[in-house]
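Asker: Compute the structure for the input listed below.
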Amino acid sequence: MGFKKLENKVSYYWFIKRLIFLLIVLIAYLIALNYIPNDYLLLLMVPGGLLLLILFIYTFFFPFIQIKVYKYFIDDEKIVVNYGVLFRHYTIIPILQIQDIGSFQGPIQIGLKISNIIITTAGSAETIKCINNKLAKEIVEDIQNKINKRLQKEEPNALS
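Answerer: Have a look, this model is predicted:
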């Protein structure tokens with residue numbers, strides 16, 4: 001099985017997204033420090049400091065580890081998605097069970113020209129994250145063609 005990895009610019013997308021969240025939390029933390037009475041300052045500083053440390057690690061180190069772990073594979077029968085740094089996920093989606101497939105872009109993704117592919121089955125939804133726009137469109141069209149071919153093969157049997 002030949003797994004495909006994501007482009008390196010995806011780690012910058014994850015970094016930017018997490019940095020924005022870290023800055024929002026940091027600003028809220030600094031504002032809270034100014035308005036909390038001195039008697040309760042320690043109650044905010046210790047858990048808040050730990051939260052900021054965890055967010056710092058999550059922002060500055062995880063994207064570059066995540067890019068090495070994330071991979072996907074697509075063939076005529078199934079789609080396999082493998083990801084996760086602390087908690088590993090290995091998902092197999094049979095092409096036959098796909099009900100809907102499409103792509104999605106957020107504002108940062110538009111700038112970096114990457115898309116998410118959203119695959120929906122009867123029981124769940126899975127996402128192949130941060131693929132080049134052109135490749136994402138090709139994958140969506142290819143899977144849609146595979147589904148249509150499979151349905152055309154099954155239709156004569158349903159009429160019998």
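Asker: Burial check on Thr120, number of neighbours?
Answerer: 16 (other Cβ atoms under 10 Å). C-beta here means a position set from N, CA and C on the backbone, and glycine is covered the same way.
Asker: can you pull the contacts of the nearest residue to Leu41 once chain neighbours are set aside?
Answerer: In this structure, Leu41 finds its nearest non-sequential neighbour in Leu33, 7.2 Å apart by Cβ to Cβ, 6 or more residues apart in numbering. Contact analysis of Leu33 by Cβ atoms under 8 Å, 6 or more residues apart in numbering lists 41, 44-45, 48.
Asker: Need the nearest residue in space to Ile147, chain neighbours excluded.
Answerer: Here the residue nearest Ile147, using Cβ to Cβ, 6+ apart, is Ile98, at 6.0 Å.
Asker: where does the residue most central in space within the chain land in three-state SS?
Answerer: Residue closest to the mean C-alpha point of the chain, counted by Cα atoms, centre = their mean, is Lys129 at 4.1 Å. Here Lys129 is strand, with the state taken from DSSP: H, G, I helix; E, B strand; the rest coil.
Asker: Just to check, it is in contact with Ile118?
Answerer: No. In this structure Lys129 lies outside contact range of Ile118 using Cβ atoms under 8 Å: 9.9 Å.
Asker: now the helices for the protein?
Answerer: Listed in chain order, the helices of the chain (DSSP state H) span 9-35, 41-60, 62-69, 107-112, 133-159.
Asker: centre of the chain versus the second one, how much separation?
Answerer: Meaning helix 41-60. Relative to the centre of its chain, helix 41-60 is centred 24 Å away, using Cα atoms, centre = their mean, to the nearest Å.
Asker: okay, now the domains of this structure?
Answerer: 4-65, 71-159 (automatic domain parsing).
Asker: now the ones you listed as a markdown table including mean pLDDT?
Answerer: Converted to a markdown table, these look like this (pLDDT from 0 to 100):
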| stretch | mean pLDDT |
| --- | --- |
| domain 4-65 | 91 |
| domain 71-159 | 89 |
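Asker: so how many other residues sit close to Leu30?
Answerer: 10.
Asker: Over to Glu7?
Answerer: Around Glu7 there are 16 other residues, counting by other Cβ under 10 Å.
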